[in-house]
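>>> what follows is a predicted protein model with its sequence.
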Amino acid sequence: MPDWLNIALRSLGAVVYLFILTKIIGKRQIRQLTYIEYIVGITIGSIAAFMATEMDGPIYHSLIALTVVAIFPVLFEWLALKSKVLRDFFEGKATILIKDGKVLEDNLKKERWTSEDLMEQLRIKNVFRVADVEFAVMETSGELSVLLKSQHQPVTPQHLELEVSPAEEPQAVIMDGMIMDEPLSNMGLNRSWVRAELQKAGVALENVFLGQVDKGGQLYLDLYDDKIKVAEPQALKLTYAQLKKCQADLEVFALSTKNQQQKLVYQRDAEELQKVMDQVKPLLTR
């Protein structure tokens, strides 16, 4: 067998076997590296490179070495699940770097971080003043987690005591100019509905890069031609506006009529409609 073909086959075998071992080790090896996983990653890479290019020894020697090394992170993870002490030993502990707006210099030195390193990580989290930070901790993965003081946190609907509709994932019903049947069926829609919505928007199917339907049944379109602007659906907002007009009309009728019985009926209907509007407002005014 020619040397180039031998190297190609060994390289292919190394990649396939590494893929299998990575699947066994799990996603954590990709997401973050502990001390052991860092060492294992370097070692496996070195063995795989040797396996691909070293043609004198049998290939199964390298496979055995890869298997033995890959067992270590799996074993250590199992031990870490069984013991908090071993987990802290293998993976380390989180370190508090800022508490109540004050940098803990001793902990910073312990992690061998400079003030520039700390400020860089804070800026990545969109934090520019240390005094605004209630709590910042360096995780075992090396990431910095930051909790702002309450007065510096972004305002949410909960702070304003506003009701909002529950967040639900929109369904992509058009991708690359093709209608996706499965997401449509999940929402109880069909191709005829999509074509009707495209006709309303004056857009051809082949010109649509991406089309998403939210839980309110509104279709949002992104076209291949970015210069063409597609108006956002207004059906829900128009529905709320129509309800508001009806409620206002009922109040006007209640004020204008001289019949006391009719006045009470109009007032009662206006109040009932207002209650309904309060309930559906989060859904219609997103």
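Looks like it arrived, so ask away.

>>> which parts of this structure are strands?
Listed in chain order, the strands of the chain (DSSP state E) span residues 95-99, 102-103, 133-138, 144-148, 171-175, 178-179, 208-213, 219-223.

>>> direction included, what does the third one pair up with?
Paired neighbours of strand 133-138 in the sheet (DSSP bridges): strand 95-99 (antiparallel), strand 144-148 (antiparallel).

>>> and Ile124, how many neighbours does it have?
Using other Cβ atoms under 10 Å, Ile124 has 11 neighbouring residues. From N, CA and C alone the C-beta is placed, and that goes for glycine too.

>>> from Leu221, how far out is it?
When Cβ to Cβ, to the nearest Å is applied, the distance between Ile124 and Leu221 equals 34 Å.

>>> so who does the closest residue to Glu134 other than its chain neighbours touch?
Among residues not flanking Glu134 along the chain, Lys149 sits closest, at 4.5 Å (Cβ to Cβ, 6 or more residues apart in numbering). Residues in contact with Lys149 (Cβ atoms under 8 Å, 6 or more residues apart in numbering) are Gly101, Asp132, Val133, Glu134.

>>> 10 Å instead?
Lys149 makes contact with Asp100, Gly101, Ala131, Asp132, Val133, Glu134, Phe135 under the criterion Cβ atoms under 10 Å, 6 or more residues apart in numbering.

>>> over to Gly13?
Ala48, Met51, Ala52, Ile59, Ser62, Leu63.

>>> single out the most deeply packed of the strands paired with strand 133-138.
Here the criterion is mean neighbour count by mean count of other Cβ atoms under 10 Å, and of the strands paired with strand 133-138 the winner is strand 95-99, at a mean of 19.

>>> okay, that strand in PDB with CA atoms only?
Below are the C-alpha coordinates for strand 95-99, written out as PDB (Å, rounded to 0.1, in the frame of the first residue of the first chain):
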ATOM      1  CA  THR A  95     -14.100  32.400  43.300                       C
ATOM      2  CA  ILE A  96     -15.800  35.600  44.300                       C
ATOM      3  CA  LEU A  97     -14.100  38.600  42.800                       C
ATOM      4  CA  ILE A  98     -16.500  41.500  43.500                       C
ATOM      5  CA  LYS A  99     -18.900  41.800  46.500                       C
END
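
>>> distance from it to the middle of the chain?
26 Å (Cα atoms, centre = their mean, to the nearest Å).

>>> what's the model's confidence in that strand, averaged?
When pLDDT is averaged over strand 95-99, the result is 92.

>>> what about the residue nearest to Asn207 when sequence neighbours are not counted, how many residues nearby?
Nearest non-adjacent residue to Asn207, counting by Cβ to Cβ, 6+ apart: Leu223, 5.3 Å away. Residues near Leu223, counting by other Cβ under 10 Å, number 18.

>>> any idea how far Leu223 lies from Glu197?
14 Å.

>>> show me whatever sits in contact with both of those two.
Common neighbours of Leu223 and Glu197 are listed as Val203, Gly211 (criterion: Cβ under 10 Å, 6+ apart).

>>> please name the nearest non-neighbouring residue to Ala65.
Closest residue to Ala65 in three dimensions, ignoring its sequence neighbours and counting by Cβ to Cβ, 6+ apart: Ile47, at 5.1 Å.

>>> I'd assumed Leu223 was in contact with Val209.
To be clear, residue 209 is Phe; Val isn't right here. Yes - taking Cβ atoms under 10 Å as the definition, Phe209 is a contact partner of Leu223 at 6.1 Å.

>>> overlap in contacts, these two.
Gly177.

>>> give me the nearest residue to Glu139, chain neighbours excluded.
Leaving aside its sequence neighbours, Glu139 sits nearest to Ala94 (Cβ to Cβ, 6+ apart; 5.3 Å).

>>> against Lys125, how distant is that neighbour?
Where Lys125 is concerned, Ala94 sits at a distance of 16 Å (Cβ to Cβ).

>>> go ahead and flag the most central residue of this protein.
With the centre of the chain defined as its mean C-alpha position, the nearest residue by Cα atoms, centre = their mean is Glu169, 10.7 Å away.
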